[in-house]
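Student: Generate a structure from the sequence data that follows.
(one chain, ligands or ions: 1)
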Amino acid sequence: MNEDFLHKKIALRKEQNAYRQLRFATTAIDFCSNDYLGIATNDLLHTAVQHHKTGSTGSRLLTGNNELIEKTEALIASFHDAAAGLIFNSGYDANTGLLSCVPQRGDTVLYDYLSHASIGDGLRLGLAQSFSFLHNDINDLSKKMVAAKGNVFVVTESVFSMDGDMAPLKEIAALCRQHNAYLIVDEAHATGVTGNKGEGLVQYLGLQQQCFARIHTFGKALGCHGAVVLGSTALCDYLVNFSRAFIYTTALPPVSIAAIAGAYDVFPLLHNERAHLQNLIDLFQSATTRFKKLHSITPIQSVIIPGNAAVKAAAERCWQNNLDVRAILYPTVPKESERLRIVLHSFNTKDDLNRLIAVLS
Ligand SMILES: Cc1ncc(COP(=O)(O)O)c(C=O)c1O
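Tutor: Numbering: from 1, shown residues only. So this is what the prediction gives:
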């Protein structure tokens, strides 16, 4: 079979020094996983999943629904002070499933330029017009809102996955109120970490009543898999009827749902872990490194090393020192903003971090 059309594109990736390869997780010190609180690393959900079935037999609309899922959705909605919640199989599915069907033809979606790929992909699947606004730029958003037609949706992350900075959510919510726009916030990297109990930035700021929808993912600080869309009962009812990413897929099995419910029992209580994380964040932010560090008060810390070759070499130096730090290459991030994306965890020690700082100094 002639597969030249594949080989050509792969060769191009290699020429750009942007070729991606799968590799196994290592025993090096973890400065790259999303397991912010160590729930997965320390196997804290082991007991919660015992005696739960591992098989799933169909879509939620066929045989995949059960009391455990619905109870877990209610528990999560209550924890996050929302009227209702609907579990999706991943954060990617939640974003694509929501954004492809809620904004409709004639509507406008304004989304932060640095939004996660799943947000852009969801919009591409839908029929509404969509425009990005400059990252965290209220003036640009405001200008674009004036020109927007139909129902207007504003989409942002609360903590940005690549830069680790936070959205100016209060200002964005006020603008949405002023323009009757629907605010959608992806809390993937705030869940478990931001707020006294890890409830996320929206609740930390008391903005839950001003959000049309929130997305919390379970594959990061919660150490499991899946995501929830929080909103009104009408929104969840609508998604059950129109969201293709919800309808046309096999439901998560009971064992996964039990892990999610277990995570909601565990993470709100991990106060010491969040406090230690904060100390590590402060330590890293105050350290001097050879490369430019982005300002971030979250566990995601970026060190900008322009050029795919240069950033790969820096990651390699970390590896040689038994530090697992990953390079984020163009085209995942714009050219000249290639970076080491350093993720801090509650299980990293100050000594671990000082070692990393020494390699970068
Ligand atoms: C902001 C954001 N939203 C959504 C997702 C997707 O979540 P999941 O990994 O559960 O598919 C990610 C994961 O990388 C993310 O960073």
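
Student: From Glu70, how far off is the residue nearest to His80 when sequence neighbours are not counted?
Tutor: Once flanking residues are discounted, His80 sits nearest to Leu230: 5.5 Å by CB to CB, 6 or more residues apart in numbering. Every residue, glycine included, has its C-beta placed from N, CA and C. Per CB to CB, to the nearest Å, Leu230 is found 15 Å from Glu70.

Student: Which of the two has more residues huddled nearby?
Tutor: Leu230 (28 against 15; other CB atoms under 10 Å).

Student: The more buried one in helix, strand or coil?
Tutor: strand (DSSP: H, G, I helix; E, B strand; the rest coil).

Student: isn't it right up against Ser78?
Tutor: No: counting by CB atoms under 8 Å, Ser78 is not a contact partner of Leu230; they are 10.4 Å apart.

Student: Now for the two: what residues contact both?
Tutor: The overlap between the contact sets of Leu230 and Ser78 (CB atoms under 8 Å, 6 or more residues apart in numbering) is empty.

Student: got the contact list for the residue nearest in space to the middle of the chain?
Tutor: Central residue check for the chain by CA atoms, centre = their mean: the C-alpha nearest the mean position is that of Ala188, 3.2 Å away. Going by CB under 8 Å, 6+ apart, Ala188 touches Gly91, His116, Glu157, Val159, Ser161, Ile215, His216, Thr217, Lys220, Ala227.

Student: so who does the residue in the chain that the ligand sits nearest to touch?
Tutor: Per CB to the nearest ligand atom, Gly91 is where the chain lies closest to the ligand, at 2.2 Å. Listed by CB under 8 Å, 6+ apart, the contact partners of Gly91 are His116, Ser118, Asp186, Ala188, Ile215, Thr217, Gly219, Ala227.

Student: Output those as TSV; include the columns secondary structure, distance to Ala258 and pLDDT.
Tutor: What follows is these, written out as TSV (DSSP: H, G, I helix; E, B strand; the rest coil; distance: CB to CB, whole Å; pLDDT from 0 to 100):
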residue	secondary structure	distance to Ala258	pLDDT
His116	coil	27	96
Ser118	helix	25	98
Asp186	strand	25	98
Ala188	coil	21	98
Ile215	strand	21	99
Thr217	strand	18	98
Gly219	coil	16	98
Ala227	strand	16	98
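
Student: filter those residues by proximity to the ligand?
Tutor: For the ligand, the contacts drawn from those by CB under 6 Å from any ligand atom are His116, Ser118, Asp186, Ala188, Thr217, Gly219, Ala227.

Student: all strands for this protein, in order.
Tutor: Applying DSSP state E to the chain gives strands spanning 29-30, 84-88, 108-112, 129-133, 152-157, 182-186, 213-217, 227-231, 292-293, 300-304, 323-324, 326-328, 339-343.

Student: and Ala261, which of these is closest to it?
Tutor: strand 84-88 (10.5 Å; CB to CB).

Student: Thought Ile39 was touching Val266, still the case?
Tutor: Yes: Val266 is in contact with Ile39 according to CB under 8 Å; the separation is 6.3 Å.

Student: higher neighbour count, the two?
Tutor: Ile39 (25 against 19).

Student: Excluding chain neighbours, give the residue nearest to that one in space.
Tutor: Ile39's closest residue in space is Gly223 (CB to CB, 6+ apart), at 3.1 Å.

Student: quick one: pLDDT of the residue lying closest to Asn42 once chain neighbours are set aside?
Tutor: Setting aside the residues directly before and after it, Asn42 is nearest to Phe347 in space (CB to CB, 6+ apart), at 7.2 Å. pLDDT recorded at Phe347 is 98.

Student: List the residues that contact Phe347.
Tutor: Asp30, Gly38, Thr41, Asn42.

Student: repeat for Gly55
Tutor: Pro253.

Student: measure it to Ile257 for me?
Tutor: Distance, Gly55 to Ile257, by CB to CB: 13 Å.

Student: ditto for Leu12
Tutor: The gap separating Leu12 from Ile257 is 42 Å, by CB to CB.

Student: between these two, who's got more neighbours?
Tutor: Using other CB under 10 Å as the criterion, Leu12 and Ile257 rank with Ile257 on top: 26 against 11.

Student: residues in contact with the more buried one?
Tutor: His52, Leu68, Ile69, Thr72, Ile87, Gly226.

Student: The second one contacts Ala259, correct?
Tutor: Pointing back at Leu68 there. No: using CB under 8 Å, Leu68 makes no contact with Ala259, being 11.1 Å away.

Student: Val229: neighbour count?
Tutor: Neighbours around Val229, by other CB under 10 Å: 28.

Student: quick one: contacts for it?
Tutor: By CB under 8 Å, 6+ apart, the residues touching Val229 are Gly85, Leu86, Phe88, Ala94, Gly97, Leu98, Ala213, Arg214, Ile215, Leu235, Cys236, Leu239.

Student: follow-up on the earlier one: which residues are common contacts for Val266 and Ile39?
Tutor: Common neighbours of Val266 and Ile39 (CB under 8 Å, 6+ apart) are Leu45.

Student: if we can go back for a sec, between the contacts of Gly91, which is closest to Leu340?
Tutor: Distance to Leu340, by CB to CB, is smallest for His116 among the contacts of Gly91, at 19.3 Å.

Student: which one is that closest one nearest to, not counting chain neighbours?
Tutor: Nearest to His116 is Ser161, by CB to CB, 6+ apart, at 5.6 Å.
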